[in-house]
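Undergrad: based on what follows, work out the 3D shape:
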Amino acid sequence: MTSEPDHLVLVYLRRIDEKVDRLSADMHDLKARVTGVEENLAGVNRRLDRLELRVDRIERRLDLADSHA
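TA: Coordinates of the predicted model:
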């Protein structure tokens, strides 16, 4: 009788271990995906910064820029 409860505990511990392994793999995947999103966002921000500089230069050439800038 005593081996049965031990066996049951081991079954539950193995299930928990499998779930933790799956969660760990999922977290690794999510970290990689978030890193990719962050890198792409940084690229978009750089492009927007360059566009802003170009628009400012065009406005100055056309005398459309505010004197406050």
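
Undergrad: what residue ranges in this protein score low on pLDDT?
TA: Flagging of the chain using pLDDT under 70 yields the residue ranges 1-3, 67-69.

Undergrad: what helices and strands are in contact with the helix or strand G43 falls within?
TA: Per DSSP states H and E: G43 is located in helix 3-61. Packed against helix 3-61, as judged by 3 or more Cβ pairs under 8 Å, 6 or more residues apart in numbering; DSSP states H and E, are no other helices or strands. Placement of C-beta: from N, CA and C, glycine included.

Undergrad: check the offset of that helix from the chain's centre.
TA: When distances are taken as Cα atoms, centre = their mean, to the nearest Å, helix 3-61 is centred 4 Å away from the chain's centroid.

Undergrad: what residue is smack in the middle of the chain?
TA: Central residue of the chain (Cα atoms, centre = their mean): V34, 1.8 Å from the mean position.

Undergrad: counting neighbours, what do you get for R54?
TA: When neighbours are counted by other Cβ atoms under 10 Å, R54 registers 10.
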